[in-house]
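> Please find the sequence and the predicted model below.
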Amino acid sequence: MLIGLVFVLNLGVGSYFAFKPKPQPVKPAPPPHVYDKTRSRFSAKPVDGWWQGATNHTSMVLFKNSKECFVSAQFKNGALDQTKELADMTAGGIQSTPGTAEKATLTTVPNGPQTYTLQHYTLNGSADGQTVMHGIAIGFLEVKEGYVKVDAHCDESAQMPAALAAVNAIQYDPWK
């Protein structure tokens, strides 16, 4: 009987130590100045008739419910080369005609609303046999460590005013 009791106690104590979970080290939270690459730097205030699409750490897209327009925002490291950015728009033989320019606002953390110029263009032609959206507006805002490129695309240039509300709804937080 004593041997059975010792065996049971030994089994119980042994299994406790054998299956006891090992303590895991607690990871400290990153300091506030370190980027969290799991979250997007961009968000958007709600805009009637628009919904948020694909988002990653450095970009975001908003789509108009009726599908004729979309708006994108992208953070890019380094210095802004506006000539190169605009040349990318007309790659593949697309012709661009500048239109009006208007002021847009990007809400940034910690600086609040920042105003920049949104330049409108009308595009004509096709790229690799694909029809392009004819209305486009592009703007740039220089921020710490790079710049934000905001562009709006619509089937036709006349639809561009509908995209301004979505453009102005974008928010940028570099610490996310």
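Good, I have the coordinates. Numbers count the residues shown, from 1 in each chain.

> Got the confidence number for the residue nearest the centre of the chain?
Nearest residue to the geometric centre of the chain (CA atoms, centre = their mean): residue 59, 2.4 Å. Listed pLDDT for residue 59 reads 94.

> Residue 147 now?
Looking at residue 147, its pLDDT stands at 96.

> In contact with it, which residues are there?
Shown in contact with residue 147 (CB atoms under 8 Å, 6 or more residues apart in numbering): 75-76, 79-80, 140-141. Every residue, glycine included, has its C-beta placed from N, CA and C.

> Now the buried members of the residues you listed.
Applying 16 or more other CB atoms under 10 Å to those, the neighbour count classes 75-76, 80, 140-141 as buried.

> Confirm for me that residue 153 is in contact with residue 133.
Yes. The criterion here is CB atoms under 8 Å, and residue 153 meets it with residue 133 at 4.5 Å.

> what's the neighbour count on residue 81?
12 (other CB atoms under 10 Å).

> typo on my end, it should be residue 86
15.

> Show me what the helix or strand containing it is packed against.
Using DSSP states H and E, the element containing residue 86 is helix 82-89. Counting contacts by 3 or more CB pairs under 8 Å, 6 or more residues apart in numbering; DSSP states H and E, helix 82-89 is packed against strand 135-143.

> quick one, the strand it packs on and helix 82-89 angle?
Counting by axes from the mean of the first three to the mean of the last three CA atoms, to 10 degrees, strand 135-143 lies at 150 degrees to helix 82-89.

> Strand 135-143 - what's its average pLDDT?
The average pLDDT for strand 135-143 rounds to 94.

> The helix or strand following it pairs with which strands, parallel or anti?
Once the chain leaves strand 135-143, the next helix or strand it forms, by DSSP H and E, is strand 146-154. Taking DSSP bridges as the criterion, strand 146-154 pairs within the sheet with strand 69-77 (antiparallel), strand 135-143 (antiparallel).

> Between its first and last residues, how far does stretch 84-97 reach?
End-to-end distance for stretch 84-97, by CA to CA, to the nearest Å: 17 Å.

> residues in contact with it?
If you take CB under 8 Å, 6+ apart as the criterion, stretch 84-97 is touched by 121-128, 132, 136, 138, 140, 149.

> Strands of the chain, residue ranges please.
Using DSSP state E, the strands of the chain run over residues 42-44, 50-55, 59-64, 69-77, 95-108, 112-124, 126-127, 130-131, 135-143, 146-154, 170-172.

> What are the buried residues along the fourth one?
If I follow you right, that is strand 69-77. Within strand 69-77, the residues that count as buried by 16+ other CB under 10 Å are 69-76.
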